[in-house]
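A.B. asks: structure here, sequence nowhere to be found:
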């Protein structure tokens, strides 16, 4: 008992330490640690040294091992367990579970010369398939995607993609579902047109704004200048800045509508 009290007195140097010693506090502390390691370490890419500094800033170094070495080892164990967790639940999903319909997105991504075919459940963001391929025709997409969906016990109700013929055929012929268009390429075309129009409209205002600022700077170097002239020039600059900002807001509104 005496050893426990001595150890506790060393840990209880901050007001919140008492809570960490309770059963509820221990459970919450475990959830906090694993949530931080997963969200910021695994998902966010924060290094073990940065995570160690974070835990020390919130006074946990007396309650858990927060050295970079300990955290790095824990991150590695979590990554291995995540792969096992995925295999376990995907096996349960495909083994006698009720079939599920998903709204999926399909596209290719590239790492230098390497092409990856990606199929994702859009509402959850879960990657259903991530397969290397040498080409992206309909037959390749169908062969890889169908086997994966059968294993998971899933079918596609709606497929979202760009307007590649292979992906449209994958939806209509392969999955026998609706084929929807993604917004990325359309939004890019709109923003390209709108950006050019905005640049043409903004160029004269930017030129006038620079001239007004240069004039105001020269006034500041003069010994005797009417304060009213300075005030008028400041109002002129504010007017040009408001017009430029208004144009940007209108462009953003058009893109978001």
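C.D. replies: Now that the structure is in, tell me what you want to look at. Fair warning: this is a prediction, and the values are worked out from it, not measured in the lab. Residues are numbered from 1 along each chain as shown.
A.B. asks: which parts of the stretch 151-257 of the chain are strands?
C.D. replies: Here the stretch 151-257 of the chain has its strands, by DSSP state E, counting those that start in this stretch, at 154-161, 178-181.
A.B. asks: give the other helices and strands that the first one contacts.
C.D. replies: Yep, that's strand 154-161 we're talking about. strand 100-111, helix 165-169, strand 178-181 (3 or more CB pairs under 8 Å, 6 or more residues apart in numbering; DSSP states H and E). Just so you know, the C-beta spots here come from the backbone N, C-alpha and C atoms, and that holds for glycine as well.
A.B. asks: check the last one too.
C.D. replies: In this structure, strand 178-181 makes packing contacts with strand 154-161, judged by 3+ CB pairs under 8 Å, 6+ apart.
A.B. asks: if I take the strand it packs on and strand 100-111, what angle do their directions form?
C.D. replies: Counting by axes from the mean of the first three to the mean of the last three CA atoms, to 10 degrees, strand 154-161 lies at 50 degrees to strand 100-111.
A.B. asks: buried stuff in strand 154-161?
C.D. replies: 154-156, 158-161 (16 or more other CB atoms under 10 Å).
A.B. asks: related to what we said a few turns ago, out of the strands of the stretch 151-257 of the chain, flag the one nearest residue 56.
C.D. replies: Nearest of the strands of the stretch 151-257 of the chain to residue 56, taken as CB to CB: strand 154-161 at 44.2 Å.
A.B. asks: picking that back up, what's the closest of the strands of the stretch 151-257 of the chain to residue 243?
C.D. replies: strand 178-181 (35.6 Å).
A.B. asks: taking the mean pLDDT, what do you get for the closest one?
C.D. replies: Across strand 178-181, the average pLDDT comes to 91.
A.B. asks: partners of it in the sheet?
C.D. replies: strand 154-161 (parallel) (DSSP bridges).
A.B. asks: could you pull out the helices in the stretch 151-257 of the chain for me?
C.D. replies: 165-169, 184-221, 227-256 (DSSP state H, counting those that start in this stretch).
A.B. asks: residue ranges in the stretch 1-150 of the chain under the pLDDT threshold?
C.D. replies: Within the stretch 1-150 of the chain, the stretches with pLDDT under 70 are 1-13, 93-97.
A.B. asks: which residues of it fall in helices?
C.D. replies: 2-11, 17-20, 23-36, 48-57, 68-94, 138-152.
A.B. asks: residue 172: which of the ones you listed is closest?
C.D. replies: The closest of the helices of the stretch 1-150 of the chain to residue 172 is helix 138-152. By CB to CB, the value is 10.2 Å.
A.B. asks: for that closest one, packing partners?
C.D. replies: For helix 138-152, the packing partners by 3+ CB pairs under 8 Å, 6+ apart are helix 68-94, strand 114-121, strand 126-133, helix 165-169.
A.B. asks: export those to JSON lines and tack on mean neighbour count and distance to residue 35?
C.D. replies: Below are the helices and strands packed on helix 138-152 laid out as JSON lines (neighbours: other CB atoms under 10 Å; distance: least, CB to CB, whole Å):
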{"stretch": "helix 68-94", "mean neighbour count": "13", "distance to residue 35": "11"}
{"stretch": "strand 114-121", "mean neighbour count": "16", "distance to residue 35": "23"}
{"stretch": "strand 126-133", "mean neighbour count": "15", "distance to residue 35": "19"}
{"stretch": "helix 165-169", "mean neighbour count": "17", "distance to residue 35": "36"}
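A.B. asks: with distance to residue 209 as extra columns, can I get those in JSON lines?
C.D. replies: Conversion of the helices and strands packed on helix 138-152 to JSON lines gives the following (distance: least, CB to CB, whole Å):
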{"stretch": "helix 68-94", "distance to residue 209": "50"}
{"stretch": "strand 114-121", "distance to residue 209": "45"}
{"stretch": "strand 126-133", "distance to residue 209": "47"}
{"stretch": "helix 165-169", "distance to residue 209": "47"}
